[in-house]
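# Curious how this folds, go ahead:
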Amino acid sequence: MIVAICSATLVVIGFWLLRPKPAARARAAARRRLPIRWVWLIPIGIAAMAAPAAGVATLIVIGIWRHTASARRAARATRLISAGYPDALDLLVLSIRAGYIPAQAIIEITPFVPHALREALVAVDEAMRSGSRFAEALQELHLRLGPIAQPLTDSLSSADRYGLPLAPVLERLAFEARQHRRREADATARELPVRLSVPLVLCTLPSFVLLAVVPLLLGALSSLHT
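Numbering: from 1, shown residues only. Okay, here's the model as predicted:
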């Protein structure tokens with residue numbers, strides 16, 4: 001009876017820890033299925049029925065995972081923005097060269113920019129439609145894309161206010177963004193051997209020990225007994 005109560009309590013706590021956020025609930029409702037996080041209730045229930053201590057350990061692991069999930073999502077969003085930012089600047093340069101004013105160029109390139117940046121451009125368009133000036137609407141870029149968009153925001157605002165030539169500045173920003181993306185790719189490539197060492201240590205070396213060393217040890221022990 002006590003085990004059943006502990007199991008039910010741990011499942012309820014796990015249900016609360018894994019509750020989906022409003023955005024996740026909306027996506028799940030659109031797909032007409034439960035959020036995938038609730039699948040974690042299965043191992044919680046099994047661990048709780050097997051041993052309450054195992055259930056508590058599972059809850060601790062899931063709690064830590066949920067606590068760091070927002071940081072992982074933010075880091076992933078930053079990487080996607082940094083990867084797609086040079087392409088968006090190239091499209092903006094092409095639009096300016098084609099004769100569009102900056103406000104029109106922002107609207108024209110929105111369907112073609114990478115998905116990670118599209119929401120920010122849509123927010124700029126909506127701010128302008130609601131009556132904000134172009135320089136004020138550009139603050140949405142900095143709010144949604146972070147510090148990486150600050151030079152672009154300043155350049156577009158200066159061009160809108162003072163009529164400064166914009167295409168050369170955007171070309172320089174696009175070049176710097178491509179260089180930054182290339183440096184990040186080089187840094188990721190240098191981290192690859194360290195990341196590959198984890199499966200090497202956890203999988204390859206134990207299998208080598210089991211397949212090569214253990215049979216020799218067993219053979220030696222059997223010969224000693226004979």
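
# Go ahead and name everything in contact with stretch 70-84.
The contact list for stretch 70-84 (CB atoms under 8 Å, 6 or more residues apart in numbering) reads 113-117, 145-146, 148, 180-181, 184. Backbone N, C-alpha and C define where each C-beta goes, glycine included.

# Using CSV, lay out these together with pLDDT.
Output for these, formatted as CSV (pLDDT from 0 to 100):
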residue, pLDDT
113, 90
114, 86
115, 87
116, 85
117, 90
145, 88
146, 86
148, 88
180, 89
181, 89
184, 87
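
# Let's see which of the residues you listed end up in helices.
Judged by DSSP state H, helices contain the following of the contacts of stretch 70-84: 115-117, 145, 180-181, 184.

# For the residues you listed, which two are the farthest from each other?
In terms of CB to CB, the ones in helices among the contacts of stretch 70-84 reach their longest pairwise distance at 115 and 180, which sit 19.8 Å apart.

# Which one's more surrounded, these two?
Taking neighbours as other CB atoms under 10 Å, residue 115 and residue 180 compare with residue 180 leading, 14 against 8.

# host element of the nearest residue to the more buried one once chain neighbours are set aside?
Distances taken as CB to CB, 6 or more residues apart in numbering place residue 82 nearest to residue 180, at 7.0 Å, with adjacent residues excluded. Taking DSSP states H and E as the criterion, the element that holds residue 82 is helix 52-97.

# Let me know the next secondary structure element after that helix.
Counting by DSSP H and E, what follows helix 52-97 is helix 102-109.

# what mean pLDDT does that following helix have?
If you average the pLDDT over helix 102-109, you get 89.

# So which helix or strand of this protein has the lowest pLDDT on average?
helix 22-31 (a mean of 46; mean pLDDT, DSSP states H and E).

# which element is residue 216 on?
Going by DSSP H and E, residue 216 is in helix 214-225.

# now residue 164
Going by DSSP H and E, residue 164 is not in any helix or strand.

# how about the nearest residue to it, chain neighbours excluded?
Nearest to residue 164 is residue 158, by CB to CB, 6+ apart, at 5.3 Å.

# Nothing else from me, thank you.
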